[in-house]
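Participant: sequence first, then the predicted structure, then my questions.
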Amino acid sequence: MKLFFLFLSIIFFISCTEDKIQPQLQNQVGTEELPSHESWSSKITFTEFGKLKAVLFSNHLKKYDIKRATYLEGVKINFYSDQKIVSTLTSKRGRVDDVTQDMYAIDSVVAVNDSGTVLTTSELKWRNNDEKIITDKFVKIVSTKEIIEGYGLESDQQLRNYVIFNVTYSAVNSEKK
């Protein structure tokens, strides 16, 4: 029995050493890289003075407080005027600057207004302060009257008043809609 207690005492003293095992920490992901909010199948409504301005739909949304930006995947935005949809924009990805509320649409961008005018481009920016759509990328606009292609565009969000800066192609649209 004495031998048993001696054996237990030795095991106890060996296990009580000063050396503590520290877990290994992985510093591969910093906290600034983690989103503060994340959601799927999101719907965000934008209003100004009680009037509906836009409704944004996103398949996946990640908001980063440190970057002050929200990243979107699977984007659709309906723009409103007098409670009616005046244009719709879709893209594969997007980003919203949380300070200025400017929105960037990226990859396979398509904007369509209520008259059937269609804008396609690879990337564009919607400026919140003046509700303008701008890009320096290649654009194509197809309306009931014309087809225009070129580089660089500025337009109102309804796609009614637009300017293409470097036109590379222009034709009368002969298709009947």
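Facilitator: Ah, there it is. Just so it is clear, the model here is predicted, and its values are computed rather than measured.

Participant: confirm T120 sits in a helix?
Facilitator: No - the assignment for T120, made by DSSP: H, G, I helix; E, B strand; the rest coil, is strand rather than a helix.

Participant: so who does it touch?
Facilitator: For T120, the contacting residues are V109, V110, V139, K140, by Cβ atoms under 8 Å, 6 or more residues apart in numbering. Where C-beta positions appear, they are placed from N, C-alpha and C, glycine not excepted.

Participant: swap in S122?
Facilitator: Contacts of S122 (Cβ under 8 Å, 6+ apart): I106, D107, S108, V109, K137, F138.

Participant: by neighbour count, which of the residues you listed wins?
Facilitator: When neighbours are counted by other Cβ atoms under 10 Å, V109 leads the contacts of S122 with 24 neighbours.

Participant: which elements pack onto whichever strand or helix holds that one?
Facilitator: For V109, the host element (DSSP states H and E) is strand 103-113. Under the contact definition 3 or more Cβ pairs under 8 Å, 6 or more residues apart in numbering; DSSP states H and E, strand 103-113 sits against strand 84-97, strand 118-127.

Participant: just to revisit the earlier point, quick check on the contacts of T120: which are buried?
Facilitator: V109, V139, K140 (16 or more other Cβ atoms under 10 Å).
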